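> structure here, sequence nowhere to be found:
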């Protein structure tokens with residue numbers, strides 16, 4: 001990768017109003033351009049808000065295929081400013097009622113570089129438990145002239161193996177658009193851990209405000225370096241967070257010191273002792289109010 005500026009744009013969605021949210025994003029984008037950002041990341045489901053209160057069929061009708069009306073103006077803005085944009089939106093699948101929670105990587109010329117479909121929808125979001133999102137089944141990385149980039153979305157960040165998969169595929173930066181419904185501690189700990197575990201930059205951009213389902217989001221978007229150093233953090237407000245990402249991000253043990261780092265978590269893994277690629281469940285029982293059963 002090369003040195004560049006990344007920005008996260010915290011926005012409060014206008015519930016269920018795709019056109020209004022696109023205009024809101026376009027109005028906020030110049031603030032990221034002003035700080036020199038070449039990669040701009042928006043929060044999860046920026047076109048609608050996370051919980052729309054709609055059925056999966058109604059949501060399918062509201063959004064569009066990709067590319068389509070939910071991406072076209074953002075693609076034009078990326079081309080105008082010659083930047084990369086990660087634009088998260090619900091995406092129509094082929095059949096009515098099949099909806100993906102997606103993050104779209106748009107390139108400098110406005111073309112779509114790649115799409116990631118959330119592979120770990122939150123239980124209440126999952127279509128199999130009465131929700132509206134069909135999970136994706138791929139975890140790819142994308143080559144750009146800035147870096148090798150991987151994408152995860154919100155709850156995906158709770159799953160260490162997913163981020164490790166992206167890191168082993170070569171990701172230098174993992175973006176995490178989110179509409180997180182838990183606590184700051186969960187947000188900070190998982191974003192920090194995914195960065196430090198895998199020695200990647202994590203650009204975690206959370207929504208603020210409310211959505212159509214009556215949920216409220218607390219923002220505090222953050223950018224974390226591969227050695228765990230927090231480079232930027234937002235408040236609970238509509239604003240831009242940004243940081244300069246550098247090639248030597250793992251040279252030192254932490255920020256603001258000269259002590260050299262001597263280890264590499266990926267290289268130092270003892271593969272002989274791992275046995276994680278199989279189903280399982282916690283020995284402690286969750287509330288089960290979504291899944292039901294024992």
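Nice, I can see it. Just so it is clear, the model here is predicted, and its values are computed rather than measured. Numbering: from 1, shown residues only.
> helices along the stretch 151-294 of the chain, start to end?
Using DSSP state H, counting those that start in this stretch, the helices of the stretch 151-294 of the chain run over 160-168, 184-198.
> can I get the ones you listed in JSON lines with distance to residue 125?
Backbone N, C-alpha and C define where each C-beta goes, glycine included. Below are the helices of the stretch 151-294 of the chain laid out as JSON lines (distance: least, C-beta to C-beta, whole Å):
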{"stretch": "helix 160-168", "distance to residue 125": "16"}
{"stretch": "helix 184-198", "distance to residue 125": "16"}
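> need those in CSV (columns: mean pLDDT, distance to residue 142 and mean neighbour count).
CSV is the format used below for those (pLDDT from 0 to 100; distance: least, C-beta to C-beta, whole Å; neighbours: other C-beta atoms under 10 Å):
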stretch, mean pLDDT, distance to residue 142, mean neighbour count
helix 160-168, 98, 10, 19
helix 184-198, 98, 17, 19
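> nearest to residue 178, of those?
With C-beta to C-beta, the closest approach to residue 178 among these belongs to helix 184-198: 7.6 Å.
> and the closest one, how far out from the chain middle?
Its chain's C-alpha centre and that of helix 184-198 lie 13 Å apart, by C-alpha atoms, centre = their mean, to the nearest Å.
> how about low-confidence regions in this structure?
288-289, 291-294 (pLDDT under 70).
> contacting residues for residue 206?
Residue 206 sits next to 10, 43, 178, 179, 180, 187, 217, 218, 219, 220, 221, 234 when contact means C-beta atoms under 8 Å, 6 or more residues apart in numbering.
> contacts only, for the nearest residue to it once chain neighbours are set aside.
Distances taken as C-beta to C-beta, 6 or more residues apart in numbering put residue 178 closest to residue 206, at 4.6 Å, once the chain neighbours are dropped. By C-beta under 8 Å, 6+ apart, the contact set of residue 178 is 43, 44, 153, 154, 157, 187, 204, 205, 206, 207.
> so where do the strands sit in the stretch 51-200 of the chain?
Along the stretch 51-200 of the chain, counting by DSSP state E, counting those that start in this stretch, strands occupy 84-92, 99-106, 112-117, 141-143, 148-151, 173-178.
> let me know which of the ones you listed is tucked in deepest.
Neighbour counts (mean count of other C-beta atoms under 10 Å) averaged over each of these peak at strand 173-178, with a mean of 28.
> angle of it against strand 112-117?
60 degrees (axes from the mean of the first three to the mean of the last three C-alpha atoms, to 10 degrees).
> how far off strand 84-92 does strand 173-178 point, in degrees?
Relative orientation of strand 173-178 and strand 84-92, computed by the same axes, to 10 degrees: 50 degrees.
> given strand 173-178, what are its sheet partners and their directions?
strand 148-151 (parallel), strand 201-206 (parallel) (DSSP bridges).
> distance to residue 119 added to those, as JSON lines?
Formatted as JSON lines, the strands paired with strand 173-178 follow (distance: least, C-beta to C-beta, whole Å):
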{"stretch": "strand 148-151", "distance to residue 119": "10"}
{"stretch": "strand 201-206", "distance to residue 119": "17"}
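> right, and those - which one's nearest residue 51?
strand 201-206 (14.8 Å).
> list the buried residues in that closest one.
The neighbour-count check on strand 201-206 (16 or more other C-beta atoms under 10 Å) flags 201, 202, 203, 204, 205, 206 as buried.
> any idea which of these is closest to residue 162?
residue 202 (12.4 Å).
> quick one, what contacts that closest one?
Counted by C-beta under 8 Å, 6+ apart, residue 202 has contacts 173, 174, 175, 176, 191, 192, 194, 195, 222, 223, 224.
> at 6 Å what do you get?
Counting by C-beta atoms under 6 Å, 6 or more residues apart in numbering, residue 202 touches 174, 191, 194, 195, 224.
> dump the strands of the stretch 51-200 of the chain to a markdown table, plus distance to residue 253.
Below are the strands of the stretch 51-200 of the chain laid out as a markdown table (distance: least, C-beta to C-beta, whole Å):
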| stretch | distance to residue 253 |
| --- | --- |
| strand 84-92 | 30 |
| strand 99-106 | 32 |
| strand 112-117 | 31 |
| strand 141-143 | 26 |
| strand 148-151 | 24 |
| strand 173-178 | 20 |
